[in-house]
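K.L.:
Sequence plus the predicted model coming up.
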Amino acid sequence: MTALPEKTDRKLGLVIDLDTCVGCHACVISCKGWNTENYGAPLSDLDAYGADPEGTFLNRIHSFEVTPPDAPPMVVHFPKSCLHCEDAPCVTVCPTGASYKRAEDGIVLVNEDACIGCGLCAWACPYGAREMDGAEKVMKKCTLCVDRIYNESLPEVDREPVCVRTCPAGARHFGDLGDPDSDVSQLVAARGGVDLMPEQGTKPVNKYLPPRPRDRLSATPPPLTQSADTPQASGFLGWLDRALERL
């Protein structure tokens, strides 16, 4: 079995703002495109236009309608990918060492050359964040675009996960969550960021910012009636207005 590092120098991860995400799937499509063309085996699509399509995605969005207490119903779009847990059970169950956590930055990766496709890591992951590629028969997962964030041939502005770079709403943030002074750590502290399913004890690095309370009207707005001081239209428009009132 694979051992986890005793500690990591950094904790690179994502902060996802559930109040800002609009569910546009731009992060899903950009992730699919980048990881099909670059890191590891391409993400396959089998029978894409048939009766039983099957595709491999490293990032998915689930949408839920929820009704908070004393508030009207609302829709929450929930992006989900690998959370790069500190105590990652997907790593410790791997029989070949293919799944591993990097000590230098905390990113959890898969060495696809060593993966035998047994699926134990997928069973161990409580978040359903791993996917078996139907064509290559190896396990796939979010890499935090490790081939982008350290790529000095890219402009510095592009050295972040492609999902973060693409998000049109600015709902995704990337940085070192092990540094309390980093932008992402301060954002989590300011907005009360939370872990996903903390009861699992996996200590996920990625955090979620909960939706803000929705504004509510404090009083019933006055009826839309015409003021006596409002000048009456004349000519054709006045005739049309009077005719419509009689309908």
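P.N.:
Yep, that arrived.

K.L.:
Tell me who's in contact with the nearest residue to Ala129 once chain neighbours are set aside.
P.N.:
Residue nearest to Ala129 in three dimensions, not counting chain neighbours: Cys82, with 4.4 Å by Cβ to Cβ, 6 or more residues apart in numbering. C-beta: built from backbone N, CA, C; applies to glycine. With contact taken as Cβ atoms under 8 Å, 6 or more residues apart in numbering, Cys82 is in contact with Leu58, Val108, Tyr127, Ala129, Arg130, Lys141, Cys142.

K.L.:
what's the span of stretch 166-185 from first residue to last?
P.N.:
21 Å (Cα to Cα, to the nearest Å).

K.L.:
Oh, that last question was meant for stretch 27-45, not what I typed.
P.N.:
Criterion Cα to Cα; first-to-last residue distance in stretch 27-45 is 18 Å.

K.L.:
hang on, Arg214 packs against Asp70?
P.N.:
No: Arg214 is not in contact with Asp70 according to Cβ atoms under 8 Å; the separation is 10.8 Å.

K.L.:
When those two are compared, which one has more neighbours?
P.N.:
Per other Cβ atoms under 10 Å, whichever of Arg214 and Asp70 has more neighbours is Arg214, with 11 against 7.

K.L.:
Nearest to Gln200 among the contacts of Cys82?
P.N.:
Using Cβ to Cβ, Tyr127 comes nearest to Gln200 of these, at 8.2 Å.

K.L.:
and Asp176, backbone torsions?
P.N.:
In terms of degrees, to the nearest 10, the main-chain angles of Asp176 are phi -90, psi 110.

K.L.:
Assess the claim that it and Leu14 are in contact.
P.N.:
No: assessed by Cβ under 8 Å, Asp176 is found out of contact with Leu14, at 11.5 Å.

K.L.:
ok, the two, which is more surrounded?
P.N.:
A count of neighbours by other Cβ under 10 Å puts Leu14 above the other of Asp176 and Leu14, at 27 against 19.

K.L.:
Report whether that one is found in a helix, as I expect.
P.N.:
No: Leu14 is assigned strand when assessed by DSSP: H, G, I helix; E, B strand; the rest coil, not a helix.

K.L.:
per-residue confidence at the nearest residue to it once chain neighbours are set aside?
P.N.:
Sequence neighbours aside, Asn206 is the residue nearest to Leu14 in space, at 4.7 Å (criterion: Cβ to Cβ, 6+ apart). For Asn206, the pLDDT comes out at 98.
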